[in-house]
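Q: Output the structure for:
(chains A and B)
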Amino acid sequence: MSQAEAIGAVPQAVEEEGAARWGWAAASLVLLLALGGLVRFLEANVPVWLAEVNWIKSVEFPIYAIAVGLVAGAVLGALGLRERLGVAFRTEFLIKTGLVLLGASINLAIIARAAGPAIVQSIILITTVFLVAWWVGGRLGLNPKLRALLAAAVSICGVSAAIAAAGAVSASKEQLAYVASLVIIFALPSIFIVPWLATTLGLDTVVAGAWIGGNIDTTAAVTAAGSIIGDEALQIAAIVKQTQNAMMGVVAVLLTAYFVLRVERVPGASVGLGAIWERFPKFVLGFIAASAIATIYINSAVDPKTAGDIVAVAGNSLRTWFFILAFVCIGLEFRPAALREAGTRPVAVFAVATAVNLVLAFALATLLFSGFELA
Amino acid sequence: MGQSGQPPEAPAAPPEAAGFRINEDWAATAVGLILIGLVLAGVIVKGMIP
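A: Alright, predicted model coming up:
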């Protein structure tokens, strides 16, 4: 190859690589949408096929979506295609977009009324569960950075909180990946166990929603569990969870200050409040904005019922699609190998903190949300 | 991950992760609000969603 040909070949190779990447991204998106369509198909037809099985009618779309995702993930893993076809598997983006859309289905007045108890519940839960996880981690001799990641993840909102905490304490990639795996491993069964417990205990849907929002770590899992119980539980669970999410910035700043000033003792270091805004989950603003837009639209309409039906296209129909795709991604991204690689002590910290979270969130949800009216 | 339960330390990656998270938050907000706008404007109607 001449020098001129070689120079010409480089951009061509880059172009081909770019085209291949776009091809995989498009294939990934098509696959995800097809799996979402399959979930819709199963949701509509399985109860018909198994009409004699009574409980099958109560199986909601999150269960089909996660099951479809788990099976598809196992197939892709076996074929060695999971990484290449994983571009569109964006659980966090899909769930956040779904939550913004969910905002349109909640009257702004409900968010305003629920904010008070949600903030009280979040402050007590985050503080207690964080300190329990931190203390147990210390007793078991864990590295302080790993303790910080575990405590933030289990007390606030799972992977997002672990990412924020990792930035605050300069944790390693491996520590972050490890805690993220633990979060997913604990979140997946809780999607099914907590709604089952809430139903078995005969909890009011609002209290059940507040329990789910306060107890389950990841926003996606909270949404899945809330959806299994129903729309009312989902709305309260989403408000409570997003209140916890919003406190992530404060915890990240406190962690930064603690590590800079106490653990690492950096001379002359200071911690700016700008970090609170930097780590604030901005989609919460989208959720509130969506609620405000929909509330104003319905309240100012000549025919509020028709306006409500129009808003429901975004707040229910589109939102359900984003949630289905997000829940399929939960299944697709699940890697059981991460559990095998895990040491036992961090798992013990996570398990103890999760148990404390479960009991305390139940008590707080019952205390703060009993008698709360959604209408 | 060894038996000790202590993941090894390597150069941290969180700045990129945190930056991505923020972009993703704004992207989700923009996509969600645009979709709501399209629904309210009558561009997306119920019959279009399977």
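Q: So which bits of the host helix or strand of A:Ala252 are buried?
A: Counting by DSSP states H and E, the element that carries A:Ala252 is helix A:248-258. Burial within helix A:248-258, assessed by neighbour count using 16 or more other CB atoms under 10 Å in any protein chain shown, is assigned to A:Met248, A:Gly249, A:Val250, A:Val251, A:Ala252, A:Val253, A:Leu255, A:Thr256, A:Tyr258. In short, each C-beta sits where N, CA and C put it, glycine included.
Q: The helix or strand that it is followed by packs against which elements?
A: Counting by DSSP H and E, the next helix or strand C-terminal to helix A:248-258 is helix A:274-279. Contact here means 3 or more CB pairs under 8 Å, 6 or more residues apart in numbering or on different chains; DSSP states H and E; on that basis helix A:274-279 packs against helix A:159-169, helix A:248-258, helix B:14-40.
Q: Show the average pLDDT along the helix or strand following helix A:274-279.
A: Once the chain leaves helix A:274-279, the next helix or strand it forms, by DSSP H and E, is helix A:283-299. Averaged across helix A:283-299, pLDDT comes to 94.
Q: Now for A:Ile228, how many residues are close by?
A: Applying other CB atoms under 10 Å in any protein chain shown, we find 24 residues neighbouring A:Ile228.
Q: Quick check: which of the helices and strands packed on helix A:274-279 is buried the most?
A: helix A:159-169 (a mean of 28; mean count of other CB atoms under 10 Å in any protein chain shown).
Q: Would you mind listing the residues in contact with the spatially closest residue to B:Glu24 that is not a sequence neighbour?
A: Using CB to CB, 6 or more residues apart in numbering or on different chains and skipping the chain neighbours, the partner closest in space to B:Glu24 is A:Phe93 (5.1 Å). Going by CB atoms under 8 Å, 6 or more residues apart in numbering or on different chains, A:Phe93 touches B:Glu24, B:Ala27, B:Ala28.
Q: Now do the one helix or strand A:Phe93 maps to against helix A:283-299, angle only.
A: Using DSSP H and E, A:Phe93 falls within helix A:91-103. Following axes from the mean of the first three to the mean of the last three CA atoms, to 10 degrees, one obtains 30 degrees for the angle between helix A:91-103 and helix A:283-299.
Q: what does the stretch 101-250 of chain A have sitting close to chain B?
A: Residues of the stretch 101-250 of chain A lying near chain B by CB under 8 Å from any CB of the partner chain: A:101, A:103-104, A:140, A:142-143, A:145-146, A:160, A:163-164, A:166-167, A:170-178.
Q: repeat that with 7 Å
A: Applying CB under 7 Å from any CB of the partner chain, one finds that the stretch 101-250 of chain A approaches chain B through A:101, A:104, A:142-143, A:146, A:160, A:163-164, A:166-167, A:170-176, A:178.
Q: neighbours around B:Ala41, how many?
A: 9.
Q: swap in A:Leu140?
A: 16.
Q: cool, A:Ala88 as well?
A: A count of nearby residues for A:Ala88, using other CB under 10 Å, gives 20.
Q: Quick check on it: phi, psi?
A: phi -90, psi 0 (degrees, to the nearest 10).
Q: thought it was touching A:Leu29?
A: Yes - A:Ala88 lies in contact with A:Leu29 (CB atoms under 7 Å); the separation is 4.3 Å.
Q: Give me the pLDDT value at the most centrally placed residue in chain A.
A: Central residue of chain A (CA atoms, centre = their mean): A:Thr219, 2.4 Å from the mean position. A:Thr219 is assigned 88 on the pLDDT scale.
Q: just checking, what packs against the biggest helix by length in chain A?
A: Identified as the longest helix of chain A according to DSSP state H is helix A:3-49. With contacts defined as 3 or more CB pairs under 7 Å, 6 or more residues apart in numbering or on different chains; DSSP states H and E, the packing partners of helix A:3-49 are helix A:61-79, helix A:319-333.
Q: now it: how far from the chain's centre is it?
A: 25 Å (CA atoms, centre = their mean, to the nearest Å).
Q: and which of the buried residues of helix A:248-258 is nearest chain B?
A: The nearest member of those to chain B, counting by CB to the nearest CB, is A:Ala252 at 8.9 Å.
Q: Is it correct that that closest one is in contact with A:Ala165?
A: Yes - in this structure, A:Ala252 is within contact of A:Ala165 by CB under 7 Å, at 6.4 Å.
Q: For chain A, give me the ranges with low pLDDT.
A: Scanning chain A with the threshold set as pLDDT under 70 gives A:1-11, A:265-273, A:336-343.
Q: Break it into its domains for me.
A: A:17-86, A:90-369 (automatic domain parsing).
Q: Pull the contacting residues for residue 31.
A: No chain was given, so I picked chain A. A:Leu85 (CB atoms under 7 Å, 6 or more residues apart in numbering or on different chains).
Q: that's the wrong chain, I wanted chain B
A: Taking CB under 7 Å, 6+ apart, one finds A:Thr97 in contact with B:Val31.
Q: please redo it, this time with the cut-off set to 8 Å
A: Here B:Val31 is in contact with A:Thr97, A:Val100 (CB under 8 Å, 6+ apart).
Q: if I look at it, how far off is A:Gln121?
A: Distance, B:Val31 to A:Gln121, using CB to CB, to the nearest Å: 29 Å.
Q: in the helix or strand hosting A:Ala133, what counts as buried?
A: Per DSSP H and E, A:Ala133 falls inside helix A:108-139. The neighbour-count check on helix A:108-139 (16+ other CB under 10 Å) flags A:108, A:110-111, A:114-115, A:117-119, A:121-122, A:124-126, A:128-130, A:132-134, A:136-137 as buried.
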